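# Got a sequence here, can you model it:
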Amino acid sequence: MKTPEHPQHHTSDRGLDLGRIRAITLDLDDTLWPIWPTIERAERVLQDWLETNAPATGALCRDRAVLREVRERLNAERPDLAHDMTALRLEAIRRVLRRGGDDQALAEPAFEVFFAERQRVDLFDDALPMLAFLSERFPVVALSNGNADVHRVGIGAHFRASVSAKEFGVGKPDPRIFHAAADAAGVAPHEVLHIGDDAHLDGVGALNAGMQLAWLNRAGHAWEHAPLVPHLTVSDLHALCRALGAGA
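Predicted structure coming up:
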């Protein structure tokens, strides 16, 4: 997948201090692969499974408004699960099974069908070259609010560790999860370069945690979080590698 060229509209970068970088923390969804095509495909596979194994629920879920209403109500009733995409998805499936009159015990196998497909991602063209470059030079820690598993995705060999909001109990942009990722890398937060696409979750979170930030801005969005500014903004991961010293 080719990444289009976009003009960058943001506050001037602060500039990387390369000498400080001893480890990398790395976002996953929309940094290494586009997330929404993956989720949409996983939801189609789940729908097919429900229509075969829980036909009443499958019929109910053909109306996307039903699913939207279930998720909105769940988000309102269970703010304690906001950091746990797995628990939210599982509970949403359980609720639509109950509404459809099917066996709620089907929620777990239904979720596993969804979850297996969620791990089948289409990496951006620049993702694997960057992972190879970084993992040869630094300990790399995955840092995600989502529930992708780097080992099931097939890129686990490039990572020292993974820290997820589900396991840690809070998500980005809370500085505590960034500090936990620095601990997993064996360094102090100010020695970490965080790489991610979300200006708020990744950008504000990493900067408030005392890390350097490389903001991956594939779509040319404006940076809207002044006075905080990224140390580096790039439109693709090849440019990031060049900034870190790659030959090309």
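# can you count the residues close to residue 63?
Residues near residue 63, counting by other Cβ atoms under 10 Å, number 10. In this view, the C-beta of every residue, glycine as well, is placed from N, C-alpha and C.
# any weak-confidence spans in this protein?
Within the chain, the segments meeting pLDDT under 70 span 1-11, 246-248.
# Strands of that one, residue ranges please.
According to DSSP state E, the chain carries its strands in the segments 23-26, 140-144, 161-164, 192-196, 212-216, 232-234.
# Does anything pack onto the first one? Which helices or strands?
For strand 23-26, the contact count by 3 or more Cβ pairs under 8 Å, 6 or more residues apart in numbering; DSSP states H and E identifies strand 140-144, helix 175-185, strand 192-196 as packing neighbours.
# Would you mind splitting the chain into its domains for me?
Domains of the chain are assigned by automatic domain parsing as 18-33+123-243, 36-118.
# Endpoints of the longest one, how far apart?
Chord length of domain 18-33+123-243, first to last residue, is 9 Å (Cα to Cα, to the nearest Å).
# do stretch 122-136 as well
For stretch 122-136, the first-to-last residue distance is 23 Å (Cα to Cα).
# Could you do stretch 194-214 as well?
End-to-end distance of stretch 194-214: 6 Å, with Cα to Cα as the criterion.
# try stretch 187-206
OK, stretch 187-206 end separation, Cα to Cα: 15 Å.
# In that stretch, which residues are buried?
For stretch 187-206, a neighbour-count test (16 or more other Cβ atoms under 10 Å) marks 187, 189, 191-199, 201-206 as buried.
# swap in stretch 24-44?
24-35, 38-39, 42-43.
# Which single one of the residues you listed is nearest to residue 117?
Distance to residue 117, by Cβ to Cβ, is smallest for residue 42 among the buried residues of stretch 24-44, at 3.9 Å.
# what number of residues lie near the residue lying closest to the closest one once chain neighbours are set aside?
Leaving aside its sequence neighbours, residue 42 sits nearest to residue 117 (Cβ to Cβ, 6 or more residues apart in numbering; 3.9 Å). By the other Cβ under 10 Å criterion, the neighbourhood of residue 117 contains 18 residues.
# how far away is residue 117 from residue 153?
Separation of residue 117 from residue 153 (Cβ to Cβ, to the nearest Å): 12 Å.
# Find residues that contact each of these two.
Both residue 117 and residue 153 lack any common contact, where contact means Cβ atoms under 8 Å, 6 or more residues apart in numbering.
# how about the nearest residue to residue 132 once chain neighbours are set aside, what does it touch?
Excluding its sequence neighbours, the residue lying closest to residue 132 (Cβ to Cβ, 6+ apart) is residue 158, at 7.0 Å. With contact set as Cβ under 8 Å, 6+ apart, residue 158 has these partners: 131-132, 134-135, 140, 150.
# give me that answer again for 6 Å
131, 135, 140 (Cβ atoms under 6 Å, 6 or more residues apart in numbering).
# Dump the helices and strands packed on strand 23-26 into CSV; add distance to residue 164 as well.
Below are these laid out as CSV (distance: least, Cβ to Cβ, whole Å):
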stretch, distance to residue 164
strand 140-144, 5
helix 175-185, 9
strand 192-196, 14
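# what's the closest of these to residue 162?
Across these (criterion: Cβ to Cβ), the nearest stretch is strand 140-144, sitting at 4.1 Å.
# Return the distance of the most centrally placed residue in the chain relative to residue 123.
Taking Cα atoms, centre = their mean, the centroid of the chain lies closest to residue 29, which sits 3.3 Å from it. The gap separating residue 29 from residue 123 is 12 Å, by Cβ to Cβ.
# how close does residue 108 sit to residue 90?
Taking Cβ to Cβ as the measure, residue 108 falls 7 Å from residue 90.
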